[in-house]
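1. How does the following fold in three dimensions:
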Amino acid sequence: MKKLLSLLLLAILAILGSWLVTEHRVYSQEPELQQMVNFRRHFQQLGIDGSIIIYDLNGDFVYEHNPNRNNSAFLPASTYKIPNSLIALETGVIKDDVAVLTWDGIERGFNGSFIEEWNQDLNIRLAFQYSAVWFYQVLARKIGHQRMQNFVNQIEYGNQNIGSPEDIDRFWLEGELRITPKQQIDFLRRLYQNNLPFSQRTIDIVKDIAIVEQTPNYTLRGKTGWASNVGWYVGYLEQDDNVYFFATNLDMKSEIDPAARIEVTRLCLQDLGLL
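-> Below you'll find the model as predicted:
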């Protein structure tokens, strides 16, 4: 009888576990958050399809919506500007965060519209902030295929496939490079912990240019991305002597979706008592 009851209990627990995964909910192990966290409602309210994963460093705990998608690989798009910045600074193809690349006078934009901020001389700080594609394409060509591939291998970034030398200035936008949201979290964690093959100076500069918002209570670093109808928002939040890494991934189907990448991320962080 005891054996039968044990088997029944295990079966019930398995069913409950399956339900939790299906509903994309997790339970916090932190005393002040002993409640069910449901990120799905934010995606539904905003009318967006996608996923989010948030990793609590001190608690060593993951909160997520849509775990299957968090294990799926996508083009990194402009989130690759984080490793691209690290590699460019480390190799010296750009000296620092104030060195300027001269705009060639060709007006550029995205998705059928010009982006005024792109069409000017830029340094890496502004180029990162404006997500200026041409600036990072110049950096990639200056780095060169072999050096880029070597660094991508060393940092174990995604599937590490940057394609052929001809793809050097577009492999993160339309090439073969792919990365999962979970891999984004791993890369960001190693960046935060200075556990990447770059000098401390290089890492410090990139951490600084990645700051999105800084208040007395928290510092938020992040980078958006958009390619092949898939949008990203990745980064990490430092607050209350802890760090929360996040990777949001959306299907980009309407004009509200670019802003929704950031909005849904902030709503989910607020669910955890942050921001």
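2. In the strand or helix carrying residue 43, which residues are buried?
-> Here residue 43 sits within helix 40-46, counting by DSSP states H and E. For helix 40-46, the neighbour count (16 or more other Cβ atoms under 10 Å) marks 42, 43, 46 as buried. Bear in mind the C-beta positions are built from the backbone N, C-alpha and C, glycine included.
3. Export those residues to TSV and append columns for distance to residue 150 and pLDDT.
-> Shown next, in TSV, are the buried residues of helix 40-46 (distance: Cβ to Cβ, whole Å; pLDDT from 0 to 100):
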residue	distance to residue 150	pLDDT
42	40	98
43	38	98
46	41	97
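4. Of the residues you listed, which is the nearest to residue 53?
-> Nearest to residue 53 out of the buried residues of helix 40-46 is residue 43 (Cβ to Cβ; 13.1 Å).
5. Quick check: the closest one vs residue 250, distance?
-> Going from residue 43 to residue 250 by Cβ to Cβ, to the nearest Å gives 9 Å.
6. which neighbours do the two share?
-> Counting by Cβ atoms under 8 Å, 6 or more residues apart in numbering, the shared contacts of residue 43 and residue 250 are 49, 50, 264.
7. Buried ones among those?
-> 50, 264.
8. Among the shared contacts of residue 43 and residue 250, which one lies nearest to residue 108?
-> Nearest member of those to residue 108, counting by Cβ to Cβ, is residue 50, at 27.1 Å.
9. so who does the closest one touch?
-> 43, 66, 69, 231, 248, 249, 250, 251, 264.
10. what are the ranges of the helices in this protein?
-> Using DSSP state H, the helices of the chain run over 2-23, 40-46, 67-70, 81-91, 124-130, 133-143, 145-154, 171-174, 181-192, 200-209, 257-271.
11. averaging pLDDT over each of those helices, which comes out lowest?
-> If you rank the helices of the chain by mean pLDDT, helix 2-23 sits at the bottom with a mean of 44.
12. Pick out the residue nearest the middle of the chain.
-> residue 234 (2.4 Å; Cα atoms, centre = their mean).
13. I'd guessed that one sits against residue 223; true?
-> Yes - with contacts counted by Cβ atoms under 8 Å, residue 234 reaches residue 223, the gap being 5.9 Å.
14. so what sits against both of these two?
-> 79, 82.
15. Quick check: end-to-end length of stretch 221-238?
-> This stretch, stretch 221-238, spans 9 Å end to end (Cα to Cα, to the nearest Å).
16. Buried residues of that stretch, list them for me.
-> 221-227, 230-238.
17. Need the max-distance pair from those residues.
-> Longest span within these, Cβ to Cβ: 227 and 238, 28.0 Å.
18. before we move on, the earlier item: for residue 217, find the nearest of the helices of the chain.
-> helix 257-271 (12.5 Å).
19. would CSV of the shared contacts of residue 43 and residue 250 with distance to residue 115 be doable?
-> As requested, the shared contacts of residue 43 and residue 250 are exported to CSV (distance: Cβ to Cβ, whole Å):
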residue, distance to residue 115
49, 26
50, 24
264, 23
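20. Which pLDDT value belongs to the closest residue to residue 203 other than its chain neighbours?
-> Leaving out its chain neighbours, the residue that sits closest to residue 203 by Cβ to Cβ, 6 or more residues apart in numbering is residue 194, at 5.7 Å. Looking at residue 194, its pLDDT is 98.
21. what does the one 5 residues further on give?
-> For residue 199, the model assigns a pLDDT of 98.
22. quick one on the thing from earlier: which single one of the buried residues of stretch 221-238 is nearest to residue 190?
-> The closest of the buried residues of stretch 221-238, once distances to residue 190 are taken by Cβ to Cβ, is residue 236, at 11.4 Å.
23. I figured that closest one was touching residue 190, is that so?
-> No - Residue 236 is not in contact with residue 190 according to Cβ under 8 Å; the separation is 11.4 Å.
24. And residue 110, how far from residue 59?
-> Distance from residue 110 to residue 59, by Cβ to Cβ: 38 Å.
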